[in-house]
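In: Mind looking at a prediction? Sequence and model below.
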Amino acid sequence: MRVRSIITLIVVLWLAIGAVAAAQRGYFGSVPGSCNQAGTIAATIAVGPLNYTGLNPKIACEVPQPSP
């Protein structure tokens, strides 16, 4: 295998493990209702296997409101 293939495989496995962790936490039960929920789901997937070391990422964000 080439190095690029190995790196691609590692990244795909990393994100798959993150998606499993997000599913175990029940994040895919409904559509995210806020920026905070969507960010937390994305962060959980991005940190992958680190979720199983006790890491529990939470994101706080604000969506700008349109001007009147």
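Out: It's in.
In: Which elements pack onto the helix or strand hosting residue 20?
Out: Per DSSP states H and E: residue 20 is located in helix 3-24. In terms of contacts (3 or more C-beta pairs under 8 Å, 6 or more residues apart in numbering; DSSP states H and E), helix 3-24 is packed against helix 35-47. (C-beta placed from N, C-alpha, C; glycine too.)
In: So for the helix it packs on, mean pLDDT?
Out: Mean pLDDT, helix 35-47: 92.
In: For it, which helices and strands make contact with it?
Out: helix 3-24.
In: hmm, who's touching the helix it packs on?
Out: Applying C-beta atoms under 8 Å, 6 or more residues apart in numbering, the contact partners of helix 3-24 are 1, 28, 41, 44-49, 51-52.
In: For the residues you listed, pick the one with the most neighbours.
Out: Highest neighbour count within those: residue 44, with 24 neighbours (other C-beta atoms under 10 Å).
In: contacting residues for the nearest residue to residue 55 once chain neighbours are set aside?
Out: With sequence-adjacent residues excluded and distances taken as C-beta to C-beta, 6 or more residues apart in numbering, residue 55 is closest to residue 47, at 5.8 Å. Residue 47 makes contact with 18, 55, 57, according to C-beta under 8 Å, 6+ apart.
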